[in-house]
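**Student:** attaching a predicted model along with its sequence, questions to come.
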Amino acid sequence: WETLVPKTPESDKLLSNMADELESAMGQSSKLIGSDSLPAHFTAAQRHTALGYQRKGLEFATAQAKGTDLSPLLVAPHVLHRQPRTLPKGTRFQLLVNPSDSTSRAEIEFCGFGKAANNDITMSFLHEGAGVEIALPDPDAAVAST
């Protein structure tokens, strides 16, 4: 334990509760991620996350860069944790517009699911009075075709 303050009993309890995770981390034999391993397009915040949290941080920063990060849904757990394709029509929720500013939010209303001509799943939303439709490949169709 190397800090300027004494170790608390809570710290000991946390370390004992996470003994397997701690042992795994201490036994990590993979190469550390360095700044030379990071994509040039990463922002300073993404670089910090990737270097500080290593593999998990790099996965998170990469997801942010690809647009597959789910952080904007952190203020909508009733949407984020639902079973796929079960969100009721008319569900209202908020999205974090800027995940680094928890007060920066957008009000969204889910208007329902549909099917596109190419069998993609469509999802309709209402944002500031304007309709937005998103189409994604049907994951069940991909499974059925293999």
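**Tutor:** Noted; the coordinates are in hand. Residues are numbered from 1 along each chain as shown.
**Student:** which stretches of this structure form helices?
**Tutor:** With DSSP state H, the ranges of helices along the chain come out as 9-17, 19-26, 44-66, 77-80, 139-144.
**Student:** list the contacts for the residue nearest in space to the middle of the chain?
**Tutor:** Note on the chain: the residue nearest the mean C-alpha position is L70, at 3.2 Å, using CA atoms, centre = their mean. Counting by CB atoms under 8 Å, 6 or more residues apart in numbering, L70 touches L80. Heads up, the C-betas are built off the backbone N, CA and C, glycines and all.
**Student:** same question for A65.
**Tutor:** Here A65 is in contact with P39, H41, F42, Q46 (CB under 8 Å, 6+ apart).
**Student:** the last one: neighbouring residues, count only.
**Tutor:** Other residues within reach of Q46 by the criterion other CB atoms under 10 Å amount to 19.
**Student:** ok, the second one next?
**Tutor:** H41 is surrounded by 7 other residues when neighbours are defined as other CB under 10 Å.
**Student:** same deal with the first one?
**Tutor:** Look at P39: counted by other CB under 10 Å, it has 12 neighbours.
**Student:** phi, psi for it please.
**Tutor:** Dihedral angles of P39 (phi, psi; degrees, to the nearest 10) stand at phi -60, psi 150.
**Student:** surely R105 is in contact with F93?
**Tutor:** No. Contact criterion CB atoms under 8 Å: R105 and F93 do not qualify, at 9.7 Å.
**Student:** what touches both of these two?
**Tutor:** Taking CB under 8 Å, 6+ apart as the criterion, R105 and F93 both touch V75.
**Student:** those two: which is more packed in?
**Tutor:** When R105 is set against F93 and neighbours are counted by other CB under 10 Å, the residue ahead is F93, at 19 against 16.
**Student:** ok, now which ones touch the more buried one?
**Tutor:** Residues in contact with F93, defined by CB under 8 Å, 6+ apart, are L73, V75, A76, H78, V79, I108, F110.
**Student:** again, 6 Å this time
**Tutor:** The neighbourhood of F93, defined by CB atoms under 6 Å, 6 or more residues apart in numbering, consists of A76, V79, I108.
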